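Engineer: Sequence plus the predicted model coming up.
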Amino acid sequence: MLKSKATKIKIEDIVVGKRERTELGDLKELKESIAELGLINPITVLKIEDKYHLLAGARRLQACTELEHTTVPATIYENLDTIDKLYIELDENYQRLEFTYAEEVALKKRIYEMEKSVNPKTSIRKLADKLDTNRESLSVDIQLAEAIEFMPELAKCKNKHEALKKFDLFEAEVAKQVLGKKMATKLKTDPTEKLAVLNSLYVVGDTLELLPKEKTLEYSVVELDPPYGIEYEKLSQDGLAKKYFDGWNKKEFLTNMPIVLKESHRILKANGWLLLWYSMRYHCDLMKMLAEVGFKLDPTPIIWNKSTGRSNSPRTMFNQSAEFCIYARKGSPSLQIKGHNIIFSHKVEQDESHATPKPIALYEELLETFAVPGSKVFSGFLGSGNIILAAYNKGLMCKGIDKFEENKNDFLMKGEKLL
């Protein structure tokens, strides 16, 4: 790839072919600047024989043409392949903010497709490194480009967030009408299908290993209830199932939690919610971690009022009759129920296999508040699996992971009875 110094070329020798840039916008200020100061930033062209093919600078070229200039300053390239041309167009226009967001994402998608055609092993991550951006941002842009192809009216939205939000609502409505009905029919008409669906939604494995394999921008809500290392042996008088417990110590928490939060942010849609149950002793640590990942949040948590509780030291400490949940947002999602009270009151359900399983009714109220109807939900530490059953009751699809096969078996038996 050869590049010459900027030089003046005849406008009549410039060929403007098919380009991602389609809207030139108002040229008044640009023309005034050129008339007063001249063209400060040359256009970019590719020389082919005796003609110059425009790579970047359509607005500048049009402004000079309307000013009746016969020549224009240009940076000239030679011997470029198609992908190089697209990279130059993206870089030139991005640096000068000449693209609309719809044009920008369309060009990135086209570059990705061409890179894949040359090398099928090309990944979003590798291309993101090449474009000096991050994997998640590039995934969002490519998804938006595909959405605009399907719904051209999205290009008229004010910005990327607005367009993605509009498409997410459309996608969720389709899922609600089609996928939700399909799953409901299976569960109601065929007992074997019921178990098959429940079995597929409850995945047994290590969240730290399986979460990175989930698709980017897949879920509208991610719920996490990590193993914070509650000392169950102190509560042995209640006959808790210790064999199911495997909590993190402080060092493991500080190592594992940033990874889980980063991956949760990645798999959330551009506008999505994180629900994070937590122990108050980790409040400051989690506030810092969430901010570093990119979440926005209200420092005041949701309170689950359990009505009853216990204390390891009744003489000096109150009964623990509440649990706390941070609600954090990626992008600009909206609450489905506006002005909801921050306290969610639901009695603890009796469960021989779990200490204090969060009741189905609690999860139903949370999902009604945060999840876009018809959208997908993910749970990183399923435990009882009640969130899957609550999601089904509300016409949502919830998938999750838990480390213990015993928990899944209990969930399948319960689900078979309830659904």
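Structural biologist: Everything's here; your move.
Engineer: wait, is A270 part of a helix?
Structural biologist: No - read with DSSP: H, G, I helix; E, B strand; the rest coil, A270 is strand and lies in no helix.
Engineer: Roughly how far does it sit from E223?
Structural biologist: Going from A270 to E223 by CB to CB, to the nearest Å gives 19 Å. In short, each C-beta sits where N, CA and C put it, glycine included.
Engineer: Name the residue in the two with the higher neighbour count.
Structural biologist: Between A270 and E223, E223 has the larger neighbour count (other CB atoms under 10 Å), namely 28 against 22.
Engineer: give me the element that one is part of.
Structural biologist: Using DSSP states H and E, E223 maps to strand 219-224.
Engineer: Each with direction, which strands does that strand pair with?
Structural biologist: Using DSSP bridges, the strands paired with strand 219-224 are strand 268-278 (parallel), strand 376-379 (parallel).
Engineer: who touches S264 in this structure?
Structural biologist: 211, 222, 224, 274, 378, 380 (CB atoms under 8 Å, 6 or more residues apart in numbering).
Engineer: give me that answer again for 10 Å
Structural biologist: 207, 211, 214, 219, 222-224, 272, 274, 276, 290, 293, 295, 328, 330, 378, 380 (CB atoms under 10 Å, 6 or more residues apart in numbering).
Engineer: for F170, same thing?
Structural biologist: Contact analysis of F170 by CB under 10 Å, 6+ apart lists 147, 150-151, 154.
Engineer: now it, what's its secondary structure?
Structural biologist: Assigned with three-state DSSP, F170 falls in the helix class.
Engineer: so how far is S307 from it?
Structural biologist: For F170, the distance to S307 - CB to CB - is 41 Å.
Engineer: Repeat that for A35.
Structural biologist: A35 is 75 Å from S307, by CB to CB.
Engineer: My guess is F404 contacts T207. True?
Structural biologist: No - contact criterion CB atoms under 10 Å: F404 and T207 do not qualify, at 11.7 Å.
Engineer: Domain map for this structure?
Structural biologist: 1-81, 183-310+319-418 (automatic domain parsing).
Engineer: right, so of those domains, which gets closest to S137?
Structural biologist: Closest to S137 of the domains of the chain, according to CB to CB: domain 183-310+319-418, at 9.8 Å.
Engineer: shaky segments in this protein?
Structural biologist: 1-6, 18-23, 85, 87-99, 130-132, 171-193, 229-246, 311-312, 351-355, 419 (pLDDT under 70).
Engineer: go again using 50 as the cut-off
Structural biologist: Where the chain drops to pLDDT under 50, the residues are 1-2, 95, 231-237, 239-245.
Engineer: mind listing the strands for the stretch 251-400 of the chain?
Structural biologist: 268-278, 296-297, 302-305, 322-330, 343-345, 376-379, 397-402 (DSSP state E, counting those that start in this stretch).
Engineer: most neighbours per residue, which of those?
Structural biologist: The highest mean neighbour count among the strands of the stretch 251-400 of the chain, using mean count of other CB atoms under 10 Å, belongs to strand 376-379: a mean of 26.
Engineer: sorry, back to before: got the CA positions of the strand holding E223 in PDB?
Structural biologist: Taking Å, rounded to 0.1, in the frame of the first residue of the first chain, the C-alpha atoms of strand 219-224 are listed here in PDB:
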ATOM      1  CA  TYR A 219     -30.200 -11.100  27.900                       C
ATOM      2  CA  SER A 220     -32.300  -8.200  29.200                       C
ATOM      3  CA  VAL A 221     -31.700  -9.200  32.900                       C
ATOM      4  CA  VAL A 222     -28.900 -11.000  34.600                       C
ATOM      5  CA  GLU A 223     -29.400 -12.200  38.200                       C
ATOM      6  CA  LEU A 224     -26.500 -13.200  40.400                       C
END
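Engineer: List the buried residues of it.
Structural biologist: Of all the residues in strand 219-224, those buried under the rule 16 or more other CB atoms under 10 Å are 219-224.
Engineer: what about the strands in the stretch 101-250 of the chain?
Structural biologist: Listed in chain order, the strands of the stretch 101-250 of the chain (DSSP E, counting those that start in this stretch) span 202-204, 219-224.
Engineer: Those strands: which one's closest to T255?
Structural biologist: strand 219-224 (15.7 Å).
Engineer: any idea how far that closest one is from the chain center?
Structural biologist: On the basis of CA atoms, centre = their mean, to the nearest Å, strand 219-224 sits 10 Å off its chain's mean C-alpha point.
Engineer: sorry, back to before: any chance of the strands of the stretch 101-250 of the chain in a markdown table, plus distance to T133?
Structural biologist: Putting those into a markdown table (distance: least, CB to CB, whole Å) gives the following:
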| stretch | distance to T133 |
| --- | --- |
| strand 202-204 | 31 |
| strand 219-224 | 22 |
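Engineer: quick one, which of those is nearest to P258?
Structural biologist: Nearest to P258, of all those, is strand 219-224, at 12.6 Å by CB to CB.
Engineer: Taking strand 322-330 as reference, get the angle to that closest one.
Structural biologist: For strand 219-224 against strand 322-330, the angle by axes from the mean of the first three to the mean of the last three CA atoms, to 10 degrees is 140 degrees.
Engineer: quick check: angle from strand 219-224 to strand 397-402?
Structural biologist: Angle between the axes of strand 219-224 and strand 397-402 is 30 degrees (criterion: the same axes, to 10 degrees).
Engineer: Do a quick rundown of the helices in the stretch 251-400 of the chain.
Structural biologist: Remark: helices assigned in the stretch 251-400 of the chain by DSSP state H, counting those that start in this stretch are 283-293, 360-370, 386-393.
Engineer: tell me the most buried of these?
Structural biologist: Neighbour counts (mean count of other CB under 10 Å) averaged over each of the helices of the stretch 251-400 of the chain peak at helix 386-393, with a mean of 23.
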